[in-house]
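S.K.: Sequence and predicted model, in that order:
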Number of protein chains: 4
Amino acid sequence: MEPGRREREQSETNRLEAFSDGVFAIAITLLVLELKVPGKSASLGPQLIAQWPSYVAYLTSFATIGIMWLNHHRLFTLIHRTDHRLLVLNGLLLLGVSVVPYPTNLVASYLGTPGERLATAIYGGTFVYIAIVFNLLWRYASSAQRHPPLLRLAHDAPEVRAIHAQYAFGPPLYVIAELVSLWRPQIGMAIMLGMAVFFLFPPKAKGEG
Amino acid sequence: MEPGRREREQSETNRLEAFSDGVFAIAITLLVLELKVPGKSASLGPQLIAQWPSYVAYLTSFATIGIMWLNHHRLFTLIHRTDHRLLVLNGLLLLGVSVVPYPTNLVASYLGTPGERLATAIYGGTFVYIAIVFNLLWRYASSAQRHPPLLRLAHDAPEVRAIHAQYAFGPPLYVIAELVSLWRPQIGMAIMLGMAVFFLFPPKAKGEG
Amino acid sequence: MEPGRREREQSETNRLEAFSDGVFAIAITLLVLELKVPGKSASLGPQLIAQWPSYVAYLTSFATIGIMWLNHHRLFTLIHRTDHRLLVLNGLLLLGVSVVPYPTNLVASYLGTPGERLATAIYGGTFVYIAIVFNLLWRYASSAQRHPPLLRLAHDAPEVRAIHAQYAFGPPLYVIAELVSLWRPQIGMAIMLGMAVFFLFPPKAKGEG
Amino acid sequence: MEPGRREREQSETNRLEAFSDGVFAIAITLLVLELKVPGKSASLGPQLIAQWPSYVAYLTSFATIGIMWLNHHRLFTLIHRTDHRLLVLNGLLLLGVSVVPYPTNLVASYLGTPGERLATAIYGGTFVYIAIVFNLLWRYASSAQRHPPLLRLAHDAPEVRAIHAQYAFGPPLYVIAELVSLWRPQIGMAIMLGMAVFFLFPPKAKGEG
């Protein structure tokens, strides 16, 4: 209520965002360590072409982490206070984000081999997990039961309800991609890359987007 | 005293927090490099299952670094000035945090093998060290002998004394986990994972938590 | 229009810059992982000398990423609002920046071997890509058609037009370096290192530079 | 002169510091990758003891990068404007900082083997380079010839002259450590570790330190 208190809370959100930005930025940049330099025993060109699963996995993970960052960034323009549970939910989200390089490596190594079904399932499962935690975090932050509220806006403001509607799509879409992966791993990967690219296109522009 | 000076000090705390956030975020994200992609000579599933010590070590380290960050973040909502000794104590803390991926790797490689006792002891020892340095840092920052004080609050404010009480638990708990590790390494690991999960639960909510 | 809204937008630009700074800083620092410690089977000195392509690639990439950061930093002193497309263009830029360690590794491994033509072409191609995306990002941000504008300045301010002129040079210069690489890879690398060093020299100082 | 301009410059220093903090934080945390988990063919304990050069190199590099960060942080509480040359000098400094993990690896691998003289010389040379660039950066920033000045304080303020005096020590001290390394590598390393620890002790406290 008094200025000092509000300033302190502001600074808490800032550090939460700074720490999260750090984890997102590091996870997205560590993906490059998955791209391996081929050995010099054979010609470079064919070896690079044979690495195509690495490029698919790299691009899919890069775009997906990028979109997650964008979503995180948008949520926290609406969230202006934190509490312990929100910090824990954010931690569970960052757990998912920071582990992404590992299933990316799995897919890069196993796509096109007998282990591809399991590798793709773990990869898709990571995104299912992240989509679910994103929904939990958002529902917690926007709940009408928080006093004082964590959002800048009312829990039933149109902007808040628009996010509710939009977020409801994430988990089922990734579950579908996951199920397809169990049937045809390479089609599953194509769907996940397609979803990442699709989300890059702007929503119907109304003002600031 | 004059505005310029206060602003400069403010910015010093900001950079200390930014640098610390960076180290915490990088250490927590580098943990993923410990998760190794199995070779393609055998079936993927059984190899992934055999890697269970890696997952236990990953989750324990992730949760523990996350909790350390949360504690660091809370302390620095109370600390608003820095001096040389505080920077050095913070550096000793970051030394512990940034080394965590190494003992995590040790445990991931050696759990279930003859070297597990030593590996787990080094792992637990790292957390004992961090818990002790956290106490030293907090006691230094909250000491009644600092003029001008480093805290926003009086050294005997209830909020400050609550942290005193809470922090006193850290080192003995980790020493116990350490001693159990020397006797039964896998139980020691289970205790450390349990502690990390336990601390994730919110303290009894009174207001902002 | 109202203060709260402007503040929120300000904070969006801040997080975009913080996230981008993170990716630039991590990409530039991960380059060091490319420098390999020679094995102990032979004498250290000659092995280090034989690694000269690693040093050339390291310095070229470090200086080039550094210059890109400097350009990014300058653009965002002029850009004060963001929208979805700008975030996506920035993401495409960061994709290029964060992948740099991989072609750097390729060049470090293959310069002086039969694969050097392809390795250098991929390396140069990465910079052509980044230079093009930089131009797209800048042209989008400075377009007269954005309402409200994303820039602090008018789209035809001298400062803005000076950047237009300067940025027009980037892609053709890197295309030339790329073409030279296809003909003589080592001369191509020398041109890219030379360009990086050249851009380090300050423009003709007029005021703050 | 007008508020908008000053604010923009302020934000330039902020991003320079944020980017530098990122590089320092990543370089200091990447050092941990140098600590290798021993193979399981022999007993863990003796193998860990045999890795003592890794621990010496790790601690020395960690403490030295930490002190460099502390110095950088102090300089930029005094520097409030940037120009192109300062950014380039800062980039040359970050080049030195971000390369530290490589000579650290060299020393960790070669201390106690025939290549130790060269490895230690490269290690010490890196610190000589950084100490020189730090002096160049500070002398440039504090020069009486900058109009408008880059410092908050007058170029002959006591605080500025104290840093002049203190910084003059860095390069000769590291040159001495370097020369000792060429004669007795292990004594050279001991001196560099000793210097890092020595600098951790606070200067004679006068006020804020």
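M.R.: Nice, I can see it.

S.K.: alpha carbons only for contacts and neighbour counts from here, please
M.R.: Noted.

S.K.: ok, residue A:17 to residue A:141 distance?
M.R.: Distance from residue A:17 to residue A:141, counting by CA to CA, to the nearest Å: 15 Å.

S.K.: Which residue of those two possesses the greater neighbour count?
M.R.: residue A:141 (26 against 19; other CA atoms under 10 Å in any protein chain shown).

S.K.: secondary structure class for the residue nearest to the spatial centre of chain A?
M.R.: Nearest to the mean C-alpha position of chain A, by CA atoms, centre = their mean, lies residue A:68 at 3.5 Å. In three-state terms, and counting by DSSP: H, G, I helix; E, B strand; the rest coil, residue A:68 is helix.

S.K.: quick one: buried residues of whichever strand or helix holds residue A:72?
M.R.: Following DSSP states H and E, one finds residue A:72 within helix A:52-78. Buried residues in helix A:52-78, counted by 16 or more other CA atoms under 10 Å in any protein chain shown: A:53-70, A:72-73, A:75-78.

S.K.: Going toward the C-terminus from the helix or strand of chain A with the lowest mean pLDDT, what's the next helix or strand?
M.R.: The least trusted helix or strand in chain A, going by mean pLDDT, DSSP states H and E, turns out to be helix A:3-30, with a mean of 74. Sequence order places helix A:44-50 as the next helix or strand after helix A:3-30, per DSSP H and E.

S.K.: how far is that following helix from where the chain is centred?
M.R.: With CA atoms, centre = their mean, to the nearest Å as the basis, helix A:44-50 stands 30 Å off its chain's centre.

S.K.: can you check stretch A:74-83 too?
M.R.: When C-alpha coordinates are averaged (CA atoms, centre = their mean), stretch A:74-83 and its chain have centres 17 Å apart.

S.K.: Tell me how many other residues surround residue A:152.
M.R.: Neighbours of residue A:152 (other CA under 10 Å): 14.

S.K.: could you measure it against chain B, distance?
M.R.: 16 Å (CA to the nearest CA, to the nearest Å).

S.K.: Is that residue in contact with residue A:80, as I believe?
M.R.: Yes: when contacts are counted by CA atoms under 8 Å, residue A:152 is listed as touching residue A:80 (6.0 Å).

S.K.: The closest residue to chain D within chain A: what's it in contact with?
M.R.: Nearest to chain D in chain A, going by CA to the nearest CA, is residue A:22, at a distance of 8.9 Å. Contact partners of residue A:22, counting by CA atoms under 8 Å, 6 or more residues apart in numbering or on different chains, are B:21, B:22, B:25, B:26, C:19, C:22.

S.K.: change it to 10 Å
M.R.: Shown in contact with residue A:22 (CA atoms under 10 Å, 6 or more residues apart in numbering or on different chains): A:16, A:28, B:18, B:21-26, B:29, C:18-23, C:26, D:22.

S.K.: for residue A:71, same thing?
M.R.: A:65, A:134, A:163, A:167 are the contacts of residue A:71 under CA under 10 Å, 6+ apart.

S.K.: now for the host helix or strand of the second one, which elements pack on it?
M.R.: Put plainly, it is residue A:134. Assigned by DSSP H and E, residue A:134 belongs to helix A:116-142. Packing contacts for helix A:116-142, counted by 3 or more CA pairs under 10 Å, 6 or more residues apart in numbering or on different chains; DSSP states H and E, involve helix A:52-78, helix A:84-99, helix A:101-110, helix A:158-167, helix A:170-183, helix A:185-200, helix B:44-50.
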